[in-house]
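K.L.:
Below: sequence and its predicted model.
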Amino acid sequence: MIDIDPWSNALADYGRLFSQFGMQEIDSAITSKLRGKHRLFERNIVFAHRDFDKFVDAAKNGRKVAVMSGIKPSNEFHLGSKLTADELIYYQKEFGAKVFYAIADIEAYADNGISFEESRKVAVSNVADLLALGLDEKNACIYRQSKEMRVMNLAYIFSKKVTYNMLRAIYGERDISLYMSVLTQAGDILMPQLEFGIDYTVVPVGVDQDPHIRLTRDIAAKLGITLPAATYHRFMKSLSGTEKMSKRNPKGIITLADKPEEAGKKVLSAFTGGRTTVDEQKKLGGEIDKCVLYDLSVFHFENDEACAERKRKCLGGRIMCGACKKEVAAKVRIFLEEHQKKKEKLVDKAEKIIEHSN
């Protein structure tokens, strides 16, 4: 029976992840070893892991470490995609980890019917976003799945380690093409160890991707190699507040390619935790756990002091949702203006990276 669906937009039930699926909490024993503080850890956005403590110790002991991630090139980066990018760039800087970044054009074809040529065009934009966010391409291996034969060969080898019943138990009844894309992702994750001599790999993901992690760790155990570590971040809510921010719901996302003014308008219409009337808001305060604006602030756009002050004002009924929307919308516009200026200068470099990827 399917546990977590990696192709769903549903928000997660975080409470059962530790007891039912064996994830471990990110605690002070881990964060105390991190030299550079990062909002994702300080704010408990990255909240769970598998063997991340072993990865951190390996990096500190001079072992060769890598961070593996990727993107399905079906659309522009959105703020949920940015979350993973921020995480992998932090690991690159914090641990000197080599970044392996897969352009998952195989999955885009299997899941969305997107041609490889169309995927390539989207991939250029995605990689330009990565560079603008701070990725050091000199310590990175960026590739297209369809061109990286080592990944494809590993997927074929791994097929001997799994059965149809195993895949159906993890993912439910799916097209064979999606099962094949899962094995390809396992090839992505284990390639740094098997082909590049990396000692430990960490994979930053949302909790919806844990089925892929569990399957890959099972394959690694059968191969007798080090199990890949993983860190898990909380989902950003969509602008409607009812599901995770996902490319499958274009109206619920802010992309890094949105015109700043249009993105600002999206924020102004986003779901909040406001009360029915102004008097209720002043008396009871807002329901901040439901508020998309607060998510935007905490996940991306404000420092610790500003986030704490916004929370105090909301819970104390000292700010109304209209004023809060205007403040957050302004921050989103400023970020996009600055990001897009950086990105524009890096598109040619991204084009060359994709052109020379395997």
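P.N.:
Looks like it came in fine.
K.L.:
C-terminal to the helix or strand containing residue 151, what's the next element?
P.N.:
Using DSSP states H and E, residue 151 sits in helix 149-158. Per DSSP H and E, the first helix or strand lying C-terminal to helix 149-158 is helix 164-171.
K.L.:
Figure out how far that next one is from the centre of its chain.
P.N.:
The chain centre lies 24 Å from the centre of helix 164-171; the measure is CA atoms, centre = their mean, to the nearest Å.
K.L.:
what's in contact with stretch 34-51?
P.N.:
Residues outside stretch 34-51 that contact it (CB atoms under 8 Å, 6 or more residues apart in numbering): 14, 17-18, 22-26, 30-31, 56, 83, 86-87, 90, 93-94, 204, 207, 213, 217, 227-234, 298-299, 304, 307. Where you see a C-beta, it was placed from the backbone N, CA and C, and this is true even at glycine.
K.L.:
wait, is residue 276 part of a strand?
P.N.:
No. Counting by DSSP: H, G, I helix; E, B strand; the rest coil, residue 276 is not part of a strand but coil.
K.L.:
May I have the phi/psi pair for the closest residue to residue 233 other than its chain neighbours?
P.N.:
Ranked by CB to CB, 6 or more residues apart in numbering and with sequence neighbours excluded, the top spatial neighbour of residue 233 is residue 46, at 4.9 Å. The phi/psi pair for residue 46 (degrees, to the nearest 10) reads phi -80, psi 110.
K.L.:
relative to helix 149-158, how tilted is the helix or strand harbouring residue 180?
P.N.:
Assigned by DSSP H and E, residue 180 falls within helix 176-196. Per axes from the mean of the first three to the mean of the last three CA atoms, to 10 degrees, the angle that helix 176-196 makes with helix 149-158 is 110 degrees.
K.L.:
Show me what counts as buried in helix 176-196.
P.N.:
178-195 (16 or more other CB atoms under 10 Å).
K.L.:
Helix 176-196 and the helix or strand just after it, what's the angle between them?
P.N.:
As assigned by DSSP H and E, the chain's next helix or strand after helix 176-196 is strand 200-206. Taking the same axes, to 10 degrees, strand 200-206 and helix 176-196 form an angle of 150 degrees between their directions.
K.L.:
list the helices and strands strand 200-206 packs on?
P.N.:
Other helices and strands packing on strand 200-206, by 3 or more CB pairs under 8 Å, 6 or more residues apart in numbering; DSSP states H and E, are helix 52-60, strand 65-71, helix 79-95, helix 176-196, helix 210-223, strand 229-233.
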